[in-house]
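K.L.:
For reference, the sequence and a predicted model appear below.
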Amino acid sequence: MKIRGWSIPDERPENRVPRGAVVVVLVGLLACAVAAAASTDKSGGAAAQLEWVQKTPLPDSASVPLPGGQGTMRLVEAGIRDTGTNVSGYSLYRTAATLNVSAGAPVGSGRIRCTVKAPHGSEVAQTSGSRASYPRSSEKLIEQEVPEVVLVEFASHGASLAVVEFEDLFPNGFASERGIKVEWPAYRVGEERWDWFLPPGKPGEDLELPFASVWRTTAIPSAKIACTLTTSAGTATARIQGALQHRSEPIAE
């Protein structure tokens with residue numbers, strides 16, 4: 001029937017869609033939705049939790065006299081931690097260290113570059129849209145938080161992502177003084193680098209600048225770490241290096 005140009009569906013029972021047919025259509029639509037979901041990335045955003053199965057501390061560097069003859073600096077609290085290897089023969093390993101500059105040192109407006117060199121066959125692991133290196137470039141380093149865990153691209157346990165722990169690192173944050181800026185220089189394969197720009201004046205307490213990276217490698221995990229301070233009075237460099245004794249066992253998939 002029609003009312004003022006509008007068509008009204010015929011509600012007589014013989015013209016209705018059978019209820020069973022409606023159920024069949026809905027089930028079909030649901031099946032299509034499930035199939036479409038299954039055809040997308042099977043990881044579904046899931047990630048495997050990986051443990052550090054090997055670790056070794058690196059010895060502190062020697063105390064290096066600073067330019068101008070006042071104060072010293074050295075690398076401390078350094079170490080390497082490694083996961084097991086996946087079916088492709090890769091493992092994840094973490095390097096970490098802290099540069100310590102003595103309180104009252106004449107380092108105001110100076111620049112520090114720290115470099116970590118990994119063995120051949122290694123590259124910095126990737127997080128979502130960036131590298132798994134910390135601290136990240138920042139105008140206000142003291143406000144940057146240390147992550148408790150890091151999510152990186154790594155295949156294991158049927159997932160394409162892996163979670164590794166950082167909660168044991170740097171309880172005092174990434175900087176002990178305000179006004180410090182940090183930048184990442186251009187990336188080089190097998191290296192990670194940071195540039196710190198210090199504020200004017202002398203640090204009121206020991207200046208601590210920690211840094212860490214997660215690497216993806218087929219080699220025995222190792223690191224050569226160096227930090228160079230440059231001021232108007234000259235330069236000074238602290239160095240350490242170390243390695244695990246062997247590669248880790250395969251991950252129990």
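P.N.:
Done, it's in.

K.L.:
how about Trp137, what does it touch?
P.N.:
Wrong residue type there; residue 137 is Ser, not Trp. Ser137 is in contact with 182-184, counting by Cβ atoms under 8 Å, 6 or more residues apart in numbering. Glycine gets a C-beta too; all of them are placed from N, C-alpha and C.

K.L.:
okay, these in JSON lines with secondary structure and pLDDT next?
P.N.:
Supplementary listing: the contacts of Ser137 in JSON lines, determined by DSSP: H, G, I helix; E, B strand; the rest coil; pLDDT from 0 to 100:
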{"residue": "Val182", "secondary structure": "strand", "pLDDT": "98"}
{"residue": "Glu183", "secondary structure": "strand", "pLDDT": "98"}
{"residue": "Trp184", "secondary structure": "coil", "pLDDT": "97"}
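
K.L.:
Most neighbours among the residues you listed, please name it.
P.N.:
When the contacts of Ser137 are compared by neighbour count (other Cβ atoms under 10 Å), Val182 ends up highest, at 23 neighbours.

K.L.:
So that one sits against Ser133, correct?
P.N.:
No. With contacts counted by Cβ atoms under 8 Å, Val182 stays clear of Ser133, the gap being 10.8 Å.

K.L.:
Find residues that contact each of these two.
P.N.:
Trp194.

K.L.:
Between its first and last residues, how far does stretch 100-116 reach?
P.N.:
16 Å (Cα to Cα, to the nearest Å).

K.L.:
which parts of that stretch are buried?
P.N.:
Within stretch 100-116, the residues scored as buried using 16 or more other Cβ atoms under 10 Å are 100-102, 105-107, 110, 112-116.

K.L.:
For these, give me TSV that also has secondary structure.
P.N.:
Shown next, in TSV, are those (DSSP: H, G, I helix; E, B strand; the rest coil):
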residue	secondary structure
Asn100	strand
Val101	strand
Ser102	coil
Ala105	coil
Pro106	coil
Val107	coil
Gly110	coil
Ile112	strand
Arg113	strand
Cys114	strand
Thr115	strand
Val116	strand
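
K.L.:
Widest-spaced pair of those?
P.N.:
Pro106 and Val116 (26.8 Å; Cβ to Cβ).

K.L.:
who touches stretch 115-129?
P.N.:
92, 95, 97, 131-133, 150-154, 187, 189-193, 211, 213-227, 243.

K.L.:
quick one: which of those residues sit in strands?
P.N.:
With strands defined by DSSP state E, the entries of the contacts of stretch 115-129 inside them are 92, 95, 97, 131, 133, 150-154, 191-193, 211, 213-217, 222-227, 243.

K.L.:
So among those residues, which ones count as buried?
P.N.:
Using 16+ other Cβ under 10 Å, the buried members of those are 92, 95, 97, 131, 133, 150-152, 154, 191-193, 211, 213-217, 222-227.

K.L.:
Could you find the closest non-adjacent residue to Gly84?
P.N.:
Residue nearest to Gly84 in three dimensions, not counting chain neighbours: Ile251, with 3.8 Å by Cβ to Cβ, 6 or more residues apart in numbering.

K.L.:
where's the one you found relative to Gly104, distance?
P.N.:
48 Å (Cβ to Cβ, to the nearest Å).

K.L.:
can you check Gln54 too?
P.N.:
Taken as Cβ to Cβ, the span from Gln54 to Gly104 is 39 Å.

K.L.:
Same question for His246.
P.N.:
To Gly104, His246 is 44 Å away according to Cβ to Cβ.

K.L.:
same check, this time on Pro67
P.N.:
The separation that Pro67 has from Gly104, given Cβ to Cβ, amounts to 14 Å.

K.L.:
Measure how buried the residue nearest to Gly84 is and give me the count.
P.N.:
Residues lying near Ile251 (other Cβ under 10 Å) number 19.

K.L.:
ok, now which ones touch it?
P.N.:
50, 83-86, 156-157.

K.L.:
how about it, phi and psi?
P.N.:
Ile251 adopts backbone torsions of phi -70, psi 140, taken as degrees, to the nearest 10.

K.L.:
Kindly report the same for Leu141.
P.N.:
According to degrees, to the nearest 10, Leu141 has phi -60, psi -40.
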